[in-house]
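Asks: Coordinates only, no sequence provided:
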């Protein structure tokens, strides 16, 4: 499964690059899935490409894609592939090089394989449950930062207006308590950046299974602690996530008790 996921992610990434490079610099044409959620022709093309690879090798597996929804597999198979063919579409459409392909595999409800590819930096993140986490074949670990005031915290907004406003309120709370903060515009990449130590903490209140399935394995294998916003074990079908190295994750919940938001 790993080889299939990597091949599909790289080919989808090439599709992203080819389409973007064929355009003049600047914003590309988009359609709207909702008032603020944009989609390009590449989102659907990339998902179709990934599905074709999975179906060719594992026709009995179920597939959950952001664009196409659930394709059922054999009742005997426990595996579901969870695809975000282009995470960070708003970045992609605006000609910002912070978007990626995300392919995760679940065994039942447990993420067991994650592949995330950013073609703009040619960075391939891979996580295998019980087998480690890697960036371009090199092992990765979460940061060792243990002082909140020295940490680099990331968060993102998503398209749920109420939750986005809440996350901005929380960001105002954290601003004076951490070194600095970032919004990357691709939750999947931000999660992977926690796994490789570029970010110390990340929180989000409005994610989907296709945002979390691949990254959850990469984070776990890289030594991150990942939970929902209540500190409970992560459920990829629930929208909230908090992740960081063990000490940063502990400090997040200890200090957040002061947030009145």
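Replies: That came in fine, so what should we check first? Just so it is clear, the structure is predicted and the values come from calculations on it, not from any experiment.
Asks: Doesn't residue 189 lie inside a helix?
Replies: Yes: secondary structure of residue 189 (DSSP: H, G, I helix; E, B strand; the rest coil): part of a helix.
Asks: Give me the pLDDT for it.
Replies: According to the prediction, residue 189 has pLDDT 98.
Asks: how about the closest residue to it other than its chain neighbours, what does it touch?
Replies: For residue 189, ignoring the flanking residues on the chain, the nearest one in space by CB to CB, 6 or more residues apart in numbering is residue 100 at 5.3 Å. Glycine gets a C-beta too; all of them are placed from N, C-alpha and C. Residue 100 makes contact with 13, 86-88, 116-119, 186, 188-189, 192, according to CB atoms under 8 Å, 6 or more residues apart in numbering.
Asks: same thing with residue 230?
Replies: Neighbours of residue 230 in contact, by CB under 8 Å, 6+ apart: residue 240.
Asks: ok, and the closest non-adjacent residue to the most centrally placed residue in the chain?
Replies: Of all residues in the chain, the one closest to the mean position by CA atoms, centre = their mean is residue 188, 1.7 Å from it. Take residue 188 and drop its neighbours on the chain: the residue closest to it by CB to CB, 6+ apart is residue 87, 4.2 Å away.
Asks: hey, what's the one you found bridged with?
Replies: When bridges are taken as DSSP bridges, the partners of residue 87 come out as residue 100.
Asks: That one: how many residues sit nearby?
Replies: Residues contacting residue 87 under the criterion other CB atoms under 10 Å number 27.
Asks: That one touches residue 185, doesn't it?
Replies: No: taking contacts as CB atoms under 8 Å, residue 87 lies outside contact range of residue 185: 9.4 Å.
Asks: Find residues that contact each of these two.
Replies: Common neighbours of residue 87 and residue 185 (CB under 8 Å, 6+ apart) are residue 99.
Asks: what are the ranges of the strands in the stretch 51-200 of the chain?
Replies: Per DSSP state E, counting those that start in this stretch, the stretch 51-200 of the chain carries strands over the ranges 62-65, 69-71, 79-87, 100-107, 110-118, 123-128, 132-135, 138-139, 152-155, 180-182.
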